[in-house]
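In: With the input below, show me the fold.
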Amino acid sequence: RLFSRKERKNLSTVLPPPSISPFQQVECVAYNRTNNMAFLLLNPWEIWSYTTKSDPACRHSVWDITAIQEEYVTKAREAAADTENRQLRPSNRAALRKLQQTEKATYNGWGQQGVVACTSLGTLQSGVEYWTENGRCCPRATDFLLMGLQDGRVLFMDVLKMGVKHLELQADKDAITEVSHD
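Out: From the prediction side, this is the model:
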């Protein structure tokens, strides 16, 4: 249930999905107040998003974490192969290698790529900046669903468009157990 602290009343109730047994727990919950969206991590491979504009909340979509990651892993591998095949001048190759080694927050996450389990969720209502081959960029979006992964990455996903990744951050070498900000 989502409660208003100011008015001390119930804003919305997210009913448990019928596919969950009474003995199974929801692994993680995240709420985006700006867009009235709630996200439930049912298991490491499935997220259900709810719109909380009504009471009880209505399921908006089901995110298949494997399918979302496979799409980006394939694109990253194709981009890496394309970069290797291009005839870059030695100075450009060195600059690209240096950027890949030093910058951690990038559009396509220069580090390890693979399909791994989601371990935590969080939301962020703030602008972000990251590096691309062309320099510093910042997406127009200011609301993100943060997906903490088993391999230490955090994916910055669009809150309203299912499966749209804005960037990823290699935050740690171990699993991300909790995502929060101040």
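In: three-state assignment of the closest residue to residue 148 other than its chain neighbours?
Out: Among residues not flanking residue 148 along the chain, residue 176 sits closest, at 2.8 Å (CB to CB, 6 or more residues apart in numbering). C-beta coordinates here come from the backbone N, C-alpha and C atoms, glycine included. When states are read from DSSP: H, G, I helix; E, B strand; the rest coil, the local structure at residue 176 comes out as coil.
In: Tell me how many other residues crowd residue 176.
Out: 23 (other CB atoms under 10 Å).
In: Kindly report the same for residue 68.
Out: When neighbours are defined as other CB under 10 Å, residue 68 has 20 of them.
In: does it really touch residue 163, like I thought?
Out: Yes - contact criterion CB atoms under 8 Å: residue 68 and residue 163 qualify, at 4.6 Å.
In: who touches both of these two?
Out: Residues within reach of residue 68 and of residue 163 at once, by CB atoms under 8 Å, 6 or more residues apart in numbering, are residue 157.
In: which residues does the residue nearest to residue 148 contact?
Out: Per CB under 8 Å, 6+ apart, neighbours of residue 176: 119-120, 148-150, 152-154.
In: Just the ones in helices from the residues you listed, please.
Out: Among these, DSSP state H puts none in helices.
In: From those, pick the one nearest residue 126.
Out: Distance to residue 126, by CB to CB, is smallest for residue 154 among the contacts of residue 176, at 13.8 Å.
In: For that closest one, name its beta-bridge partners.
Out: Per DSSP bridges, the residues bridged to residue 154 are residue 148, residue 169.
In: can you pull the contacts of it?
Out: Here residue 154 is in contact with 146-148, 168-169, 171, 176, 179 (CB under 8 Å, 6+ apart).
In: Next, format those as TSV and append distance to residue 63.
Out: As requested, these are arranged in TSV below (distance: CB to CB, whole Å):
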residue	distance to residue 63
146	13
147	9
148	14
168	16
169	19
171	20
176	17
179	16
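In: ok so, going back, from residue 124, how far off is the residue nearest to residue 148?
Out: 14 Å (CB to CB, to the nearest Å).
In: residues in contact with stretch 21-33?
Out: Residues from elsewhere that reach stretch 21-33 (CB under 8 Å, 6+ apart): 2, 16, 20, 37-44, 52, 119-123, 125, 143, 145-146, 159, 179.
In: Let's see which of these end up in strands.
Out: Of the positions in the contacts of stretch 21-33, 2, 37-43, 119-123, 125, 143, 145-146 sit in strands, assigned by DSSP state E.
In: buried subset of these?
Out: By neighbour count, with 16 or more other CB atoms under 10 Å, the ones in strands among the contacts of stretch 21-33 hold 37-42, 119-123, 143, 145-146 as buried.
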